[in-house]
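Trainee: I'd like to go over a predicted model; first the sequence, then the structure.
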There are 2 protein chains.
Amino acid sequence: MPDFIPADSVGLVSPTVLSIDQPIRLECGRELPHYQLIYETYGMLNQAKSNAILICHALSGDHHAAGFHSMEDKKPGWWDSAIGPGKAIDTTKFFVVSLNNLGGCKGSTGPTSINPETNQLYGPDFPIVTVSDWVKSQTVLADHLGISQWAAVVGGSLGGMQALQWAISYPDRLRHVLLIATAPKLSAQNIAFNEVARTAIKSDPDFHDGYYAQHNTLPRQGLGLARMLGHITYLSDVAMGEKFGRELRTGNLNYDYGVDFQVESYLRYQSSSFVERFDANTYLLMTKALDYFDPAQKCDGDLAKTVAPIQANALVMSFTSDWRFSPERSHEIVNALLSNGNNVTYAEIDAHQGHDAFLMPIPRYLEIMTSYMQRVAQECTEQ
Amino acid sequence: MPDFIPADSVGLVSPTVLSIDQPIRLECGRELPHYQLIYETYGMLNQAKSNAILICHALSGDHHAAGFHSMEDKKPGWWDSAIGPGKAIDTTKFFVVSLNNLGGCKGSTGPTSINPETNQLYGPDFPIVTVSDWVKSQTVLADHLGISQWAAVVGGSLGGMQALQWAISYPDRLRHVLLIATAPKLSAQNIAFNEVARTAIKSDPDFHDGYYAQHNTLPRQGLGLARMLGHITYLSDVAMGEKFGRELRTGNLNYDYGVDFQVESYLRYQSSSFVERFDANTYLLMTKALDYFDPAQKCDGDLAKTVAPIQANALVMSFTSDWRFSPERSHEIVNALLSNGNNVTYAEIDAHQGHDAFLMPIPRYLEIMTSYMQRVAQECTEQ
């Protein structure tokens, strides 16, 4: 727990729930008659409503991006290093909005919500939601908040895909887009890792075709395996090497099939803590949203043509050791934007932390974001 | 099935079983009172017994490295591209020996063998066998065949680790060592992937703590998951991209949790075919042998000091897109050998196939091996 709230924290925050009765038609063809979105805001919306920033979360993220829910919280929100007074996304200048996506398990309508048609949990019957669907639902939240145009839409990883989709689908509703450690679509290898994760979850006998809640159980082994595997792909070989190397847990090899190395122990811990706080059906849904994201598909794979509608200025950032969404994937986006004459800034950050680097307080990374966002803030006051 | 046996094939071959009654003391401290090794040989041992080549297999390999067991065989042995008359390891010049390792499941004593003490299958009670143990058991086979010194010991991946251990442990018993797509020890990331594979197997309810045979079942899901994951790490991102890309199986997204992409379908097929032909306890054992391999550990991590005893000349080869055992891992070996003034040839093959490249008929790779082995053959006739 924090002994005190740090001066550069947004402090104690609490989420708001927006209930939406306007049905949303999803890409899969199904419709949700009504749904909830849970969100947090940090900072104040200015009179011109020109200083709003939307934060889009990644696979296991949620609306709680900064600050603390109580003095008992052990950790702040997931992007507290970037959001707060005086930080890169400066809450003394911006009104920051962060929501849990539709299909999530942290308060927005998703598999763990009650299906009004059956009065049972949705579970596996919750429709598959895509990045485009998320962006569509986020416009509803923007409308509710009176924000006709975001100063910036910001996201890392799967969050970056949402930010990119915003810029493509609603070009006049954002002035800047920050695309961090992301990709214009998954590679076959990315999809393959997701398929292993899904297979692990679905083959857990406690999964019960997704109706585990009705069986009063949880697919702990399967979801845990998915998380272990995810962790390996979020870290770099170098980062794992520096963190664990070949260090033994007890100092000796055991010559059995239990834990010998520290890295095994770490993965087991990560896996068991995750299953207590994340829903397996949501995990499946998030991986499918990742797999399905491919905005260029409608333009026969031509990414330049796909991003042609974009009016926003872009800051694209990647990390040298990220092998999940490598710098080359960011280059694809940058090159597509450049070929349309878009205003794009690109920074490739030298970092050994792998994909997870985008969540970390890496000075060079945050300095560049700070500098970019200061210009964005300047524009807001000029509006 | 082959319509005919190709002219450059070793042709129809059959394995031999060697029963050894001399107990073997293993690194774990346990002893096997007697054990069998199954092996194949190709080519003829010359009078001087100077032309013998030992082939060491990788994780899921076995003794059947070249040729066909019958005219009905669909595929030849696992390294038929490199072994045969006129091939890199030329069976008109060399006497090639290939065995299934102790702890394997293809005929050498292992978890699927009967434990003479209990008259039950060993199953999970089979001791953990290390790379050093394998090399020790291979010296017994060499003695049996009357081979006091190998012309070369050859291995890729885990096979390369055995070859390296041979050169360290029995420096006067080999003149050349071929270390292909290997590493002097696993990285934390390598161990982490193995741990995910083991967790998948062990958490399969059909695993029954390794006593699945007694329960008349197989841990299909767990072993299948391990294989799916293995496959991803054997291929490069580029190779998977070229092979599958984002191609859809039915042409459409299904918006459910079944198979959408070809790569998913491929992984499922690989997984289901593997579980029919490989033993889960052996898989666990092989991954532990990989994890435990670290010859430099006895020299406080100093690899140069570790390889100081080596007398053999070395050919080290790596593949540019191999991210399981990257070229940098081969550089570690090369640098250690060079620092001792060893005669070492290094070739880094430009190949997009990832780790699996070492099993493939890549012209540049086989040309370099051919050229090297021709010199080795020349020496044999001079002996």
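Mentor: Structure's in. What do you need?
Trainee: which residue sits closest to the residue located most distally from the centre of chain A, ignoring its sequence neighbours?
Mentor: The C-alpha centroid of chain A is most remote from residue A:255, which lies 40.2 Å away (C-alpha atoms, centre = their mean). Spatial nearest neighbour of residue A:255, chain neighbours left out: residue B:28 (3.7 Å); criterion: C-beta to C-beta, 6 or more residues apart in numbering or on different chains. Using the backbone N, CA and C atoms, a C-beta is placed for each residue, glycine as well.
Trainee: Next: residue A:270.
Mentor: Closest to residue A:270 by C-beta to C-beta, 6+ apart is residue A:231, at 5.4 Å.
Trainee: Beyond the helix or strand that neighbour falls within, next helix or strand please.
Mentor: Assessed by DSSP states H and E, residue A:231 sits inside helix A:220-234. Beyond helix A:220-234 on the C-terminal side, the first helix or strand identified by DSSP H and E is helix A:237-243.
Trainee: Could you list every helix and strand that that following helix packs against?
Mentor: Judged by 3 or more C-beta pairs under 8 Å, 6 or more residues apart in numbering or on different chains; DSSP states H and E, helix A:237-243 is in contact with helix A:262-277, helix B:188-202.
Trainee: Does at least one residue of the last one sit close to chain A?
Mentor: Yes: for a cut-off given as C-beta under 8 Å from any C-beta of the partner chain, helix B:188-202 has contacts with chain A, namely B:188-189, B:191-193, B:195-196, B:198-200, B:202.
Trainee: Quick check: which element contains the spatially most central residue of chain A?
Mentor: Residue closest to the mean C-alpha point of chain A, counted by C-alpha atoms, centre = their mean, is residue A:58 at 1.4 Å. Using DSSP H and E, residue A:58 sits in no helix or strand.
Trainee: Can you tell me the closest non-neighbouring residue to it?
Mentor: Distances taken as C-beta to C-beta, 6+ apart place residue A:157 nearest to residue A:58, at 4.0 Å, with adjacent residues excluded.
Trainee: interface residues of the stretch 51-200 of chain A facing chain B?
Mentor: When proximity is defined as C-beta under 8 Å from any C-beta, the stretch 51-200 of chain A approaches chain B at A:124, A:127-128, A:185-189, A:191-193, A:195-196, A:198-200.
Trainee: 6 Å instead, please
Mentor: Proximity of the stretch 51-200 of chain A to chain B (C-beta under 6 Å from any C-beta of the partner chain) is limited to residues A:128, A:187-189, A:191-192, A:195-196, A:199-200.
Trainee: Let me have the helices and strands packed on helix A:237-243 in JSON lines, extended by mean neighbour count.
Mentor: Putting the helices and strands packed on helix A:237-243 into JSON lines (neighbours: other C-beta atoms under 10 Å in any protein chain shown) gives the following:
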{"stretch": "helix A:262-277", "mean neighbour count": "17"}
{"stretch": "helix B:188-202", "mean neighbour count": "24"}
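Trainee: will you turn those into a markdown table that also has mean pLDDT and distance to residue A:288?
Mentor: Shown next, in a markdown table, are the helices and strands packed on helix A:237-243 (pLDDT from 0 to 100; distance: least, C-beta to C-beta, whole Å):
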| stretch | mean pLDDT | distance to residue A:288 |
| --- | --- | --- |
| helix A:262-277 | 93 | 19 |
| helix B:188-202 | 97 | 21 |
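Trainee: would you turn those helices into a markdown table with distance to residue A:309?
Mentor: Formatted as a markdown table, the helices and strands packed on helix A:237-243 follow (distance: least, C-beta to C-beta, whole Å):
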| stretch | distance to residue A:309 |
| --- | --- |
| helix A:262-277 | 38 |
| helix B:188-202 | 40 |
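Trainee: List the beta-bridge partners for residue A:99.
Mentor: Note on residue A:99: beta-bridge partners residue A:39, judged by DSSP bridges.
Trainee: ok so, going back, select, out of the helices and strands packed on helix A:237-243, the one closest to residue B:47.
Mentor: Nearest to residue B:47, of all the helices and strands packed on helix A:237-243, is helix B:188-202, at 43.6 Å by C-beta to C-beta.
Trainee: same for that closest one, what does it pack against?
Mentor: Contacts defined by 3 or more C-beta pairs under 6 Å, 6 or more residues apart in numbering or on different chains; DSSP states H and E place helix B:188-202 against helix A:220-234, helix A:237-243, helix A:262-277, helix B:220-234, helix B:280-292.
Trainee: Between the ones you listed, which one is closest to residue A:96.
Mentor: Nearest of those (C-beta to C-beta): helix A:262-277, 23.3 Å.
Trainee: got the angle for the closest one vs helix A:220-234?
Mentor: Taking axes from the mean of the first three to the mean of the last three C-alpha atoms, to 10 degrees, helix A:262-277 and helix A:220-234 form an angle of 120 degrees between their directions.
Trainee: now helix A:262-277: how far from the chain's centre is it?
Mentor: 20 Å (C-alpha atoms, centre = their mean, to the nearest Å).
Trainee: Check which helices and strands that helix sits against.
Mentor: Helices and strands touching helix A:262-277, by 3+ C-beta pairs under 6 Å, 6+ apart, are helix A:220-234, helix B:188-202.
Trainee: let's see 10 Å
Mentor: Judged by 3 or more C-beta pairs under 10 Å, 6 or more residues apart in numbering or on different chains; DSSP states H and E, the packing partners of helix A:262-277 are helix A:220-234, helix A:237-243, helix B:188-202.
Trainee: Put together TSV for those, with distance to residue A:340 on each row.
Mentor: Output for the helices and strands packed on helix A:262-277, formatted as TSV (distance: least, C-beta to C-beta, whole Å):
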stretch	distance to residue A:340
helix A:220-234	31
helix A:237-243	35
helix B:188-202	38
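Trainee: now for these, which one comes closest to residue B:220?
Mentor: When the helices and strands packed on helix A:262-277 are compared by C-beta to C-beta, helix B:188-202 sits nearest residue B:220, at 10.2 Å.
Trainee: What ranges in the stretch 251-383 of chain A fall below the confidence cut-off?
Mentor: A:383 (pLDDT under 70).
Trainee: need the residues of it near chain B, please.
Mentor: By C-beta under 10 Å from any C-beta of the partner chain, the residues of the stretch 251-383 of chain A that approach chain B are A:253-268, A:271, A:281, A:284-285, A:287-288, A:291-292, A:294, A:297, A:301, A:323-324, A:326, A:328, A:354.
Trainee: are any of those buried, and which?
Mentor: Buried residues within these, counting neighbours by 16 or more other C-beta atoms under 10 Å in any protein chain shown: A:253, A:255, A:257, A:259-267, A:271, A:281, A:284-285, A:287-288, A:291-292, A:294, A:323-324, A:326, A:354.
Trainee: I'd assumed residue B:130 was in contact with the residue nearest to residue A:255.
Mentor: Yes: Residue B:28 is within contact range of residue B:130, at 7.6 Å (criterion: C-beta atoms under 10 Å).
Trainee: Of these two, give the one with the bigger neighbour count.
Mentor: Per other C-beta atoms under 10 Å in any protein chain shown, whichever of residue B:28 and residue B:130 has more neighbours is residue B:130, with 25 against 17.
Trainee: For the more buried one, which non-adjacent residue is closest in space?
Mentor: Excluding the flanking residues, the one nearest residue B:130 by C-beta to C-beta, 6+ apart is residue B:27, at 4.6 Å.
Trainee: Confirm that neighbour sits in a strand?
Mentor: No: under DSSP: H, G, I helix; E, B strand; the rest coil, residue B:27 falls outside any strand and is assigned coil.
Trainee: Can you give me the distance of the residue farthest from the centre of chain A to residue B:137?
Mentor: As judged by C-beta to C-beta, to the nearest Å, residue A:255 and residue B:137 stand 17 Å apart.
Trainee: again, but for residue A:28
Mentor: 57 Å.
Trainee: Also residue A:269?
Mentor: The gap separating residue A:269 from residue B:137 is 37 Å, by C-beta to C-beta.
Trainee: Residue A:230 now?
Mentor: Per C-beta to C-beta, residue A:230 is found 39 Å from residue B:137.
Trainee: wait, residue A:73 sits on residue A:64?
Mentor: Yes: between residue A:73 and residue A:64 there is a contact under C-beta under 10 Å: 9.4 Å.
Trainee: Give me the more crowded residue out of those two.
Mentor: Between residue A:73 and residue A:64, counted using other C-beta under 10 Å, the more crowded position is residue A:64 (26 against 15).
Trainee: Alright, calling it a day.
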